[in-house]
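Chemist: After the sequence you'll find the predicted model.
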Amino acid sequence: MSLDGLWPYLFIAVAGWLATDIWRWLGVLAGNRVDENASLINWVRAVATALVAAVIARMILFPTGALESSPLWLRLAAILFGAACFFLAGRRQIAGIAGAIAFLAAGLALIGT
Amino acid sequence: MTATTVPENPPSQTGFFLLGMRGIFSLPAVILMLSFVGFAAFTAEAEIPVGQVIFMTGMVWALPAKVILVGSMISGAHLATAFLAVTLSSVRMMPMVAALVPELRTRDTPTWLLLVLSHFIAVTAWVFAMERMHAVPQAGRVAFFAGFGITLTAVNTVLVGLAYGAVSTFPPLVSGCLFFLTPVYLLSSIGVSARHRVVHWGLGAGLVLGGVFAAVAPEYDILLAGLVGGTLAWWGERTMRARGERKG
């Protein structure tokens, strides 16, 4: 394989695998010494959640591929409907997922995209 | 001569491994598999080659980390920027692993084995292990977790490869819905697993700032939204808590 072909794999190995596994290894080595409620852990928790939330926002607001031409209001309404199903079913994950996807599918079918 | 005793009762290590493998049919595992079909659709739409998608599924394993990684790759982020964004999202692995390991290990469990097995820890496997570990005798827990964790990772790695090829043959309505599975899964995962108020604040701040930065600074949007939004959420929640304590 050429260097150009190898580069993405190197990118994934460093920015993906290493960036994640070092924390798993440190967790094994740290054992019981991690303080669950330390201020630093709380900051990490907030930043990690915000990072994932940012990706979620981008996927909903600026999707690629088949959803690119779908209306924004439909995607937002599907998320809200899914959230309503999630809470009405007593915070059941499968209800939230099924609700949002069903709403989106119905909307796409009606609009005819 | 080494005595290779195969203890029939209580269950052997193989028995515990197989018991763990059966977890692939549990609801959390099925939800995760559905989400990996969604991840395959997301990467196919983003035109990431299938070899790289299979590689990252096995190597990174945690789904949020992979989605952040792909997001960085799409926006043409620098290696250091991508590393920082992914590693900040993966720090949460440390307390998770640290809480699970004492439940798993016995005095005879070698540390290298735990280091290897820790790779298979992500949210689904962690919740599964923490919930069901207590029904398994201490001596069988490492094998039980290995059976579940390795199977879950292997099955999803194969599944991603198969689904990736199928996505392009689906009508746009179906591939659009599959794409949508990833954000919906991640969102509902946060909703299910949030045990601290600061997580809700981080979610709100990240959603708003993620949208803003994606429009303003697409190359650094995830990292900026994570750092700025997360810090604001942490600071705001802490200030509010301090105020509440002073009043009460």
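Modeler: Sure, I can see it. Numbers count the residues shown, from 1 in each chain, chains lettered A, B, ... in the order given.
Chemist: anything in the helix ranked longest in chain B near chain A?
Modeler: If each helix of chain B is counted by residues according to DSSP state H, the longest one is helix B:141-167. No: Helix B:141-167 does not reach chain A (C-beta under 8 Å from any C-beta of the partner chain); its nearest approach is 9.0 Å. Quick note: C-beta positions are derived from backbone N, CA and C, even for glycine.
Chemist: residue ranges for the helices of chain A, please.
Modeler: Assigned by DSSP H, the helices in chain A fall at A:3-12, A:19-30, A:39-61, A:72-88, A:93-111.
Chemist: packing partners for the lowest-mean-pLDDT helix or strand in chain A?
Modeler: Within chain A, no helix or strand scores below helix A:3-12, which has a mean of 90 by mean pLDDT, DSSP states H and E. On a contact count with 3 or more C-beta pairs under 8 Å, 6 or more residues apart in numbering or on different chains; DSSP states H and E, helix A:3-12 meets helix B:50-59, helix B:63-74.
Chemist: what ranges of chain A fall below the confidence cut-off?
Modeler: Filtered on pLDDT under 70, chain A yields the residue ranges A:1-3, A:32-37, A:113.
Chemist: Domain-wise, how is the chain divided?
Modeler: As the question left the chain open, I've gone with chain A. Domain ranges of chain A: A:1-34, A:35-62, A:70-113, per automatic domain parsing.
Chemist: not what I meant, chain B
Modeler: If you go by automatic domain parsing, chain B breaks into B:13-193, B:195-248.
Chemist: residues touching B:V53, list them.
Modeler: Neighbour list for B:V53: B:39-40, B:43-44, B:160-161, B:164 [criterion: C-beta atoms under 8 Å, 6 or more residues apart in numbering or on different chains].
Chemist: tell me the most buried of the helices of chain A?
Modeler: Most buried of the helices of chain A, by mean neighbour count (mean count of other C-beta atoms under 10 Å in any protein chain shown): helix A:39-61, with a mean of 24.
Chemist: hmm, whichever strand or helix holds B:V86 in reach of chain A?
Modeler: B:V86 belongs to helix B:79-90 when assigned by DSSP states H and E. Yes: residues of helix B:79-90 contacting chain A under C-beta under 8 Å from any C-beta: B:79, B:82-83, B:85-90.
Chemist: Minimum distance to B:S188: which of the helices and strands packed on helix A:3-12 has it?
Modeler: Closest approach to B:S188 among these (C-beta to C-beta): helix B:63-74, 12.2 Å.
Chemist: what is the orientation angle of that closest one with helix A:19-30?
Modeler: Put simply, helix B:63-74 runs at 150 degrees to helix A:19-30, going by axes from the mean of the first three to the mean of the last three C-alpha atoms, to 10 degrees.
Chemist: Just the CA atoms of helix B:63-74, as PDB, please.
Modeler: Extracted as PDB, the C-alpha positions of helix B:63-74 are listed here (Å, rounded to 0.1, in the frame of the first residue of the first chain):
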ATOM      1  CA  LEU B  63     -19.300   4.800  19.100                       C
ATOM      2  CA  PRO B  64     -19.200   8.400  20.300                       C
ATOM      3  CA  ALA B  65     -15.400   8.500  19.800                       C
ATOM      4  CA  LYS B  66     -15.800   7.100  16.300                       C
ATOM      5  CA  VAL B  67     -18.500   9.600  15.300                       C
ATOM      6  CA  ILE B  68     -16.300  12.500  16.600                       C
ATOM      7  CA  LEU B  69     -13.300  11.000  14.600                       C
ATOM      8  CA  VAL B  70     -15.400  10.700  11.400                       C
ATOM      9  CA  GLY B  71     -16.700  14.300  12.000                       C
ATOM     10  CA  SER B  72     -13.100  15.500  12.200                       C
ATOM     11  CA  MET B  73     -12.100  13.500   9.100                       C
ATOM     12  CA  ILE B  74     -15.000  15.000   7.100                       C
END
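Chemist: in it, what counts as buried?
Modeler: Buried residues in helix B:63-74, defined by neighbour count with 16 or more other C-beta atoms under 10 Å in any protein chain shown: B:63-74.
Chemist: can you list those residues in TSV and add pLDDT?
Modeler: Listed next are the buried residues of helix B:63-74 as TSV, based on pLDDT from 0 to 100:
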residue	pLDDT
B:L63	94
B:P64	93
B:A65	95
B:K66	96
B:V67	94
B:I68	94
B:L69	95
B:V70	94
B:G71	89
B:S72	89
B:M73	91
B:I74	87
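Chemist: And the closest residue to B:T106 other than its chain neighbours, how far from chain A?
Modeler: Using C-beta to C-beta, 6 or more residues apart in numbering or on different chains and skipping residues adjacent in sequence, the residue nearest B:T106 is B:Q138, 5.6 Å away. To chain A, B:Q138 is 16 Å away according to C-beta to the nearest C-beta, to the nearest Å.
Chemist: Would you check that B:Q138 makes contact with B:R107?
Modeler: No: using C-beta atoms under 8 Å as the test, B:Q138 is too far from B:R107 to be in contact (9.8 Å).
Chemist: For the two, work out which one has more neighbours and name it.
Modeler: Between B:Q138 and B:R107, counting by other C-beta atoms under 10 Å in any protein chain shown, B:Q138 is the more crowded of the two (14 against 5).
Chemist: got a pLDDT number for the residue lying closest to B:A194 once chain neighbours are set aside?
Modeler: Computed as C-beta to C-beta, 6+ apart, the closest residue to B:A194 that is not its neighbour in sequence is B:H200, at 5.9 Å. B:H200 is assigned 95 on the pLDDT scale.
Chemist: Number of residues surrounding B:H200?
Modeler: Other residues lying near B:H200 total 16 when counted by other C-beta under 10 Å.
Chemist: which one of the contacts of B:V53 sits closest to chain A?
Modeler: Closest approach between the contacts of B:V53 and chain A, by C-beta to the nearest C-beta: B:A44, at 7.5 Å.
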